[in-house]
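> sequence? don't have it. structure:
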């Protein structure tokens, strides 16, 4: 796939910022994703992200690190942080910004390491892609956690994006879950391939976590139907 995100982040880092990324989904029209947002400071982060960083402890894995704003803050606080992303350009930016352990690797291919905190922010459930893959990712995440480790992950309930009927139900085209989206990005005339991205409502996410041997706790909710959850391995869950 074309590294749209990485190209844009490198442009911004090197002072070649002339336009933003354009995103489009299967349920929304084109929208701008401002590049400066990827370089936000702790003070510029929404309360939900600050909460996640405050709760981070021990050896931390930042999944989908982007330009490294979360990893950089935690590293400066003295935490042992590993930042990963599938975008080579994003990882290069992280390295240029001083993150000591930044790697271009897919989460599902990360093995033989353990962490006390795993961060999946900026709609962290997106990495699951579709409902059918949630258990695969949860089981893999379990192998990366130290005893008493935690996963801090955020998502949004997209119910509000759809028309509601008189009975409170929502009208969804096709037969897929309403949080399963097809996503694409454009930047300076280049366009990414379409990829799957998943937004999870609290009820379905909790059910999936319980089925995979996790405890599920919503820590805080935002203003846009978004929420931050903490996931921990249940005591009676098999390793």
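Nice, I can see it. Just so we're clear, the structure is a prediction, and the values are computed from it rather than from any experiment.
> any idea how far the residue sitting nearest the centre point of the chain is from residue 118?
Nearest to the geometric centre of the chain sits residue 124, at 2.4 Å (C-alpha atoms, centre = their mean). According to C-beta to C-beta, to the nearest Å, residue 124 stands 9 Å off from residue 118. Quick note: C-beta positions are derived from backbone N, CA and C, even for glycine.
> what touches both of the two?
Taking C-beta atoms under 8 Å, 6 or more residues apart in numbering as the contact rule, residue 124 and residue 118 both touch residue 63.
> looking at this protein, which strand is longest?
strand 145-156 (DSSP state E).
> give me the residues contacting the next helix or strand after it.
Sequence-wise, the next helix or strand downstream of strand 145-156 (DSSP states H and E) is strand 180-187. Applying C-beta under 8 Å, 6+ apart, the external contacts of strand 180-187 come out as 4-5, 7-8, 19, 21-27, 30, 33, 130-131, 158, 191-199.
> what does stretch 212-222 give?
46-48, 51, 55, 134-135, 138-139, 142, 151-152, 202, 205-206, 209-210, 227-234, 236-238.
> let's go with 7 Å and repeat that
Residues outside stretch 212-222 that contact it (C-beta atoms under 7 Å, 6 or more residues apart in numbering) are 46, 48, 51, 135, 138-139, 202, 205-206, 209-210, 227-234, 237-238.
> and the buried ones among the contacts of strand 180-187, selectable in PyMOL?
Burial among those is assessed by 16 or more other C-beta atoms under 10 Å; the matching PyMOL selection reads:
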select buried, resi 4+5+7+8+21+22+23+24+25+158+192+197+198+199
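> tell me which other helices or strands the longest strand of the chain touches.
Using 3 or more C-beta pairs under 7 Å, 6 or more residues apart in numbering; DSSP states H and E as the contact test, the elements touching strand 145-156 are helix 47-55, strand 115-120, strand 226-233.
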